[in-house]
Structures are given as C-alpha cells and as structure tokens.
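1. coords please:
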Amino acid sequence: MPDATALDQAAAMIEKAWGRPIEALESLAVRRPCNDPLLRSAMRIRSTLVITDNAVAVHQDRLHALTRPGRVPAFYNLERITS
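-> The predicted structure follows:
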C-alpha cells in the first residue's frame with residue numbers, strides 16, 4: 001500500500017486487530033456502556049482521521065485551483081488582512 005493514507009492504515013489495523021469489518025465495529029463501539037473501551041478509543045481516533053482526511057482533501061483541491069497553469073495568485077497585503 002504505497003499510496004495508503006493514515007485513514008486507510010488505521011482502518012486496516014483496526015479490522016485486523018478485531019477481526020471484523022469497520023462497519024460492524026462502528027456499531028459495537030457506540031454501545032453504552034461499551035464492552036470494549038479500547039475499541040471505542042480506536043474508533044474515535046479513526047473518526048478524527050476521517051474528519052482530518054476530508055479537510056486535507058478540501059484544502060488540496062483549493063490549492064490546486066489556485067496553482068493551476070495560467071493562474072497567477074493575487075498579491076496579499078498582510079497589513080490590510082490583519083487590520
């Protein structure tokens with residue numbers, strides 16, 4: 001998996017450790033009281049990675065839009081922005 005993201009790696013590790021697909025583990029992790037606090041923690045970390053992965057994708061799309069060929073980014077006046 002040379003192009004695997006942290007999210008893909010975390011999902012694979014969680015699935016391997018608990019021997020079930022992520023979808024099944026998600027339903028187990030939301031039960032209260034949780035029978036497996038370690039699973040709940042792993043799934044919370046994974047959900048944080050999902051949010052981070054989506055945010056990175058959005059920022060990469062914006063960066064690519066700003067740096068496409070033929071596009072010259074506007075000059076930013078730091079004093080105007082911070083005032």
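2. roughly how far does the closest residue to Trp18 other than its chain neighbours sit from Met13?
-> Of all residues not flanking Trp18 in the chain, Leu25 sits nearest, at 5.7 Å (CB to CB, 6 or more residues apart in numbering). Heads up, the C-betas are built off the backbone N, CA and C, glycines and all. According to CB to CB, to the nearest Å, Leu25 and Met13 sit 12 Å apart.
3. Pro37 too?
-> 17 Å.
4. repeat for Glu23
-> 16 Å.
5. ok, these two, which is more surrounded?
-> Met13 (12 against 8; other CB atoms under 10 Å).
6. name the helices or strands packed onto the helix or strand the more buried one falls within?
-> For Met13, the host element (DSSP states H and E) is helix 6-18. Where contact means 3 or more CB pairs under 8 Å, 6 or more residues apart in numbering; DSSP states H and E, helix 6-18 is packed against helix 22-29, helix 37-66.
7. looking at the ones you listed, which is closest to Thr5?
-> helix 37-66 (6.1 Å; CB to CB).
8. give the buried residues for the closest one.
-> Leu39, Arg40, Ala42, Met43, Arg46, Leu49 (16 or more other CB atoms under 10 Å).
9. show me which of those is closest to Leu63.
-> Checking those one by one against Leu63 (CB to CB), the nearest turns out to be Leu49, at 20.4 Å.
10. poorly predicted segments of this protein, please.
-> For the chain, the stretches flagged by pLDDT under 70 are 1-3, 32, 34, 71-78, 80-83.
11. nearest residue to the middle of it?
-> Central residue of the chain (CA atoms, centre = their mean): Asp53, 2.5 Å from the mean position.
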